[in-house]
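Enquirer: can you look at this prediction? I've put the sequence above it.
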Amino acid sequence: MENNNNKKEFIERRKRDWYNQSGFFPEFKEEKIKPLPFLKQYARQVMAASLVLSDVISILVSFSLAITLRSILMGEFSTSLYSELLLFVFLFIFLYSLNGLYPGVGLSPVEEIEKLFVSTSTGFLILLAYTFFGKTSAIYSRLVLGLAWLLSLILVQMDRWVIRITGRDLGFWGEPVIVIGNGPIGQNIFKFLKNNARLGMTPYKLLSGKDPYDRTTLRSINKSKISTIILVIPEMSERLQSSFIYEQRYGFYRRKGEMGVPRLILISSLSWIGSLGITVHDLDGMMGLEIQQNLLLKRNQISKRLIDLIIIFSVGLVSLPILGLIALLIAIDSPGGVFYKQERIGREGKPFKMWKFRTMYKNADQILEKYLADDPLMKEEWQKKQKIKDDPRITRVGKIIRKFSLDELPQIINVFKGEMSVSGPRPFFENQRKLYGSSLNLYMRVRPGLTGMWQVLGRNNLDFQERVRLDEYYIRNWSLWLEIYIFLRTFWVIITHEGAY
C-alpha cells in the first residue's frame, strides 16, 4: 500500500514539474524546434521502401541478364524453368533486412559492401542447396546461377548508389537529425552529414551542448517527431548529458501528440580512431571498447601482400600497351627521360626510389623556386598542401596523364619489389617527416601505397594534416572490404578527375 502511495506521489510530482521549468531543469533555456513535414517524419520507412524496390529490380534484372547471356553464348534454351527461382527474390530481401540494410542509416560504404556481399552470397548458396536437395540441379544452368550471382553483387550496389542520388535530388533521402554540441567536433559532424547524404542522416539543427534549455525545448523536439539525436559528449555539460540520457532511459510525462526520441548517438573523444577500428564488448552491462590496429597484424600484412601480387599481375598485363603509348608521348613532348625516380620514405623509415612517368620539365626545381618567390599566395598554398594548382613545372603531356593519375602506373614496379603496396599511406619526402608528428611511427610500420584513403576522399583538395589523419585511419581500420572500397573509389576518382591537378 505504501509503495502504491509513493508511486502516485512520484507521478504527481513529475506532472507538476512538467509545468514548472525551474522544478526539473532550472538551468534550461527555450529553443523551439519546428515540426517536421510528413514525408520527413517517416524518412526511414520511405528510404527502406525505396531500397527494397531497388534491390528487387536489381536481382530480377541480374537473373534476366544471366539468362540472356546464357542464350547468346550457348544457344536457345527454356527460360520458363527459372520463373520458380525468381520467387527467391524475397529470400534476398529477408537476408538484407537481417543484416540491417533497410534503411541502412549511418552505414558506411565499406560496411555496406561487406553486408551486401555476405547476404547476396548466402542467398545464392541457399538457392543452390534448394536445387540440389530438390534434385533439380541438373535442370538449372550453373552458368546462369553463377552469372546472376556476379551481376547481383554489382547491380544491387550500383542501384543503391543511384537511388540515394535520386532521393537526395528529389528530397526524400535523409532522416533529419539534431546535433547537440556546437564545438569543433559538432560542427565537423554537422558538415560531414551535410556533405555525405548517402548515410541517410540530414543535419536539421545544431544546438549548443553548454547553453541551458528549458522544458519547451524537449517538448518541441518530441512534437517535431525527430527520431535521432547526436550527442557530442566532449562538448556537452554533464547536466545536459544526464538530462538527455535520463530522458532516453526512463522517459518523462508527455502530453498528447508527443513522442520520445528513440535513438541517441553518442560521440566520444575517441573519434580519431574511427568506428571500423573498434570492437564493442559487454562487460556485465558496461560497454568496453577494444581499439584495433588491423594492418599491424602479421596475418593481415600477408593477406594484403597476396592481394597486391594478384592485382599487379592482372592489371600489369592489361596496361602494357597504355604504358608504351604514354612513354612515347612523353619522349615526343619534351626533352628528358621517360621515367622519373624520386627518393621517398617507406616501411621502417627506409628510403627507396619511387617510379613515375616524368611529368615535369628538367629544371623543375628552379622553375618552382622562382614561381613561389614571385607569388606569396602560391607560396602559402604550397606550404599548406605541398601542392599547387597550375603548377608551372608540369609539361603539356604531364597535365593530361596527371589528370587521369596515369603518371603513377610505373609504381607497379615498386609494388612488385615489395617497396610499396597497391593501397596505403602515400610515401612522403624526407623533409616531410615532421609533418606526420606522432603518426610517423605508425606510418613507418606499413608499406606506402600507390593509392589510398586521401586519394579517393579528396586528393589534392585536402591539406597535409587531413591526409595524415586519413592515412592513420586506414592503418587502424584496414580490412578486405576497405581495400575493395578504395579500389572501386580509385576508378571513380580517375574517371571524374576529382581533385586532380
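Expert: Yes, it's here. Residues are numbered from 1 along each chain as shown.
Enquirer: in the top helix by length along the chain, what counts as buried?
Expert: Using DSSP state H, we find that the single longest helix of the chain is helix 298-333. Buried residues in helix 298-333, counted by 16 or more other CB atoms under 10 Å: Asn300, Gln301, Lys304, Ile307, Asp308, Ile311, Ile312, Leu323, Ile326, Ala327, Leu329, Ile330. Every C-beta, even on glycine, is put in place using the N, C-alpha and C of the backbone.
Enquirer: for Tyr474, see how far away the nearest residue to the first one once chain neighbours are set aside is.
Expert: When the adjacent residues along the chain are set aside, Asn300 lies closest to Asn294, with 5.6 Å between them (CB to CB, 6 or more residues apart in numbering). According to CB to CB, to the nearest Å, Asn294 and Tyr474 sit 9 Å apart.
Enquirer: between those two, who's got more neighbours?
Expert: Tyr474 (25 against 18; other CB atoms under 10 Å).
Enquirer: which helices and strands does the longest helix of the chain pack with?
Expert: strand 351-357, helix 396-403, helix 412-417, strand 421-423, helix 480-496 (3 or more CB pairs under 8 Å, 6 or more residues apart in numbering; DSSP states H and E).
Enquirer: let's see 6 Å
Expert: helix 396-403, helix 412-417, strand 421-423 (3 or more CB pairs under 6 Å, 6 or more residues apart in numbering; DSSP states H and E).
Enquirer: so Leu470 touches Met453, yeah?
Expert: Yes. The criterion here is CB atoms under 6 Å, and Leu470 meets it with Met453 at 3.9 Å.
Enquirer: ok, these two, which is more surrounded?
Expert: Met453 (26 against 20).
Enquirer: quick one, what contacts the more buried one?
Expert: Leu470, Tyr474 (CB atoms under 6 Å, 6 or more residues apart in numbering).
Enquirer: going forward, begin numbering at 159 instead of 1
Expert: OK, 159 is where the count begins now, so the last one is Met611.
Enquirer: if we can go back for a sec, winner for burial among the helices and strands packed on helix 456-491?
Expert: Of all those, strand 579-581 has the most neighbours on average by mean count of other CB atoms under 10 Å, namely a mean of 25.
Enquirer: which residues touch it?
Expert: Asp466, Ile469, Arg605, Gly607, Leu608, Thr609, Gly610, Ile644.
Enquirer: list the neighbouring strands of that strand plus their orientation.
Expert: Neighbouring strands of strand 579-581 in its sheet, by DSSP bridges, are strand 607-609 (parallel).
Enquirer: now do the partner strand: distance to the chain's middle.
Expert: 18 Å (CA atoms, centre = their mean, to the nearest Å).
Enquirer: quick one, domains of the protein?
Expert: 201-327, 332-429, 454-517+552-654, 519-551 (automatic domain parsing).
Enquirer: next, format those as TSV and append distance to Leu441.
Expert: TSV is the format used below for the domains of the chain (distance: least, CB to CB, whole Å):
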stretch	distance to Leu441
domain 201-327	24
domain 332-429	16
domain 454-517+552-654	22
domain 519-551	44
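Enquirer: out of those domains, the one nearest Ile191 is which?
Expert: domain 332-429 (4.4 Å; CB to CB).
Enquirer: for the closest one, the distance to its chain's centre please.
Expert: The answer for domain 332-429 is 22 Å, by CA atoms, centre = their mean.
Enquirer: before we move on, what about stretch 196-207?
Expert: 22 Å.
Enquirer: in a strand, Lys264, correct?
Expert: Actually, residue 264 is Gly rather than Lys. No. Gly264: not assigned to a strand; according to DSSP: H, G, I helix; E, B strand; the rest coil it is coil.
Enquirer: mind listing what it touches?
Expert: Leu357.
Enquirer: so which of the helices and strands packed on helix 456-491 gets nearest Leu638?
Expert: Comparing the helices and strands packed on helix 456-491 by CB to CB, strand 579-581 comes nearest, at 11.5 Å.
Enquirer: Val390: how many residues sit nearby?
Expert: Residues near Val390, counting by other CB under 10 Å: 26.
Enquirer: adding mean pLDDT, write the domains of the chain out as a markdown table.
Expert: Listed next are the domains of the chain as a markdown table, based on pLDDT from 0 to 100:
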| stretch | mean pLDDT |
| --- | --- |
| domain 201-327 | 87 |
| domain 332-429 | 78 |
| domain 454-517+552-654 | 87 |
| domain 519-551 | 79 |
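Enquirer: so which of those domains comes closest to Leu194?
Expert: domain 332-429 (5.0 Å).
Enquirer: now Asn257: closest residue in space that isn't a chain neighbour?
Expert: Using CB to CB, 6+ apart, the nearest residue to Asn257 is Lys273, at 4.4 Å.
Enquirer: the inter-axis angle of the helix or strand where that neighbour lies versus helix 638-654?
Expert: Here Lys273, judged by DSSP states H and E, is contained in helix 267-291. Inter-element angle recorded for helix 267-291 and helix 638-654: 110 degrees (by axes from the mean of the first three to the mean of the last three CA atoms, to 10 degrees).
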